[in-house]
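Colleague: what follows is a predicted structure for the sequence shown.
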Amino acid sequence: MNADPNQALWILQFAKMKCIFTFYTFLVAIIAHAEQSRTLELQDVVKTSLIFETTQGSPKHYPNTIRVILRMENIHDSDVSWVSETGGGGFSAELVDEKGKLVPQPPSAASILSNPCSYVLPYGSRLDWLISSEGGISMIGDLKTNYALIIGGNGWLIPIEKLESYSLKISFRGRLWSRNTEVKCSAYNILLNMSLTRIKILGACPEALPEKVGAALRRDSVRRASRVIAA
């Protein structure tokens, strides 16, 4: 019995179409997986900002310190969880002066202890994360006329009078995490890499600032009040 040439051609075309369909299905799956991985970047699901405060530290250690708070707001449609180091170990920072140049760190000795820890930011919630510290690094310099800024293993002494002319850039390492996934420290990558943020002290109060800066702010307040009264 002779085979029908038309039937053989139809079978060949069907096999060809099946191969093309399988290829496109595989390609779509790869693209969908890549898109899903891209959308799971922390910076895409969390809105971030930096808040700066000044505080009085230990007179024998750092009399004037800067507190840096990383504010994280969940803008995703579900909880966001990740794993990173505690104690500021996962954070790194760069300080830039008014001329846009990196500020070198003063001579120092550091002792930073950190351990892996999981974090969960529930849906619709906000986290104010204190990422700076008042110790862990011993810096050499004039502590009375400078603010101490310490983030992770980075530390600087910033002149009090020029504080708000500086900008800070931070990043931290970790891994997005789910309860069914085991994360190793070696698998950490850059979870968040923020752009430069100008240092602006939140709610700066003259009475809470070093005497030299507080006096300057009080004089400025008096001059502004005098102009208002004169008007």
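Modeller: Cool, got the structure. Residues are numbered from 1 along each chain as shown.

Colleague: can you map out the strands along this structure?
Modeller: Along the chain, counting by DSSP state E, strands occupy 46-56, 64-74, 80-85, 91-96, 108-110, 116-121, 126-130, 137-139, 146-151, 154-159, 167-176, 189-193, 197-198.

Colleague: just checking, what packs against the third one?
Modeller: Packed against strand 80-85 by the contact rule (3 or more Cβ pairs under 8 Å, 6 or more residues apart in numbering; DSSP states H and E) you find helix 42-45, strand 116-121, strand 167-176. Yep, even glycine has a C-beta here, placed from its N, CA and C like the rest.

Colleague: what's the answer for the shortest one, then?
Modeller: If contacts are counted by 3+ Cβ pairs under 8 Å, 6+ apart, strand 197-198 sits against strand 167-176.

Colleague: doesn't residue 143 make contact with residue 158?
Modeller: No. Using Cβ atoms under 8 Å, residue 158 is not in contact with residue 143, being 11.5 Å away.

Colleague: please parse the chain into its domains.
Modeller: 1-35, 47-210 (automatic domain parsing).

Colleague: can you flag the weakest of those domains by average pLDDT?
Modeller: Looking at the domains of the chain, the lowest mean pLDDT belongs to domain 1-35 (a mean of 64).

Colleague: looking at the domains of the chain, which is nearest to residue 41?
Modeller: Minimum separation from residue 41 across the domains of the chain (Cβ to Cβ) falls at domain 47-210, 8.1 Å.

Colleague: give me every residue that touches residue 202.
Modeller: 51-53 (Cβ atoms under 8 Å, 6 or more residues apart in numbering).

Colleague: out of these, which is most surrounded?
Modeller: For those, the largest number of neighbours (other Cβ atoms under 10 Å) sits with residue 52, at 21 neighbours.

Colleague: residue 84 and residue 129: what is the separation?
Modeller: Distance of residue 84 to residue 129, computed by Cβ to Cβ, to the nearest Å: 10 Å.

Colleague: between the two, which is the more surrounded one?
Modeller: residue 84 (22 against 15).

Colleague: which residues does that one bridge with?
Modeller: Beta-bridge pairing of residue 84 under DSSP bridges involves residue 117, residue 174.

Colleague: circling back to that earlier point, single out the most deeply packed of the domains of the chain.
Modeller: For the domains of the chain, the largest average neighbour count (mean count of other Cβ atoms under 10 Å) is found in domain 47-210, namely a mean of 16.

Colleague: follow-up on the earlier one: turn the contacts of residue 202 into a markdown table, columns for distance to residue 201.
Modeller: As requested, those are exported to a markdown table (distance: Cβ to Cβ, whole Å):
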| residue | distance to residue 201 |
| --- | --- |
| 51 | 9 |
| 52 | 5 |
| 53 | 7 |
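
Colleague: and the residue lying closest to residue 43 once chain neighbours are set aside, how far from residue 80?
Modeller: Spatial nearest neighbour of residue 43, excluding adjacent residues (Cβ to Cβ, 6 or more residues apart in numbering): residue 192 at 5.8 Å. Taking Cβ to Cβ as the measure, residue 192 falls 12 Å from residue 80.

Colleague: same deal with residue 17?
Modeller: Taken as Cβ to Cβ, the span from residue 17 to residue 80 is 43 Å.

Colleague: which residues touch the closest residue to residue 126 other than its chain neighbours?
Modeller: Closest residue in space to residue 126, ignoring its immediate chain neighbours: residue 73 at 4.7 Å, by Cβ to Cβ, 6+ apart. Neighbouring residues of residue 73 by Cβ under 8 Å, 6+ apart: 46-48, 125-127.
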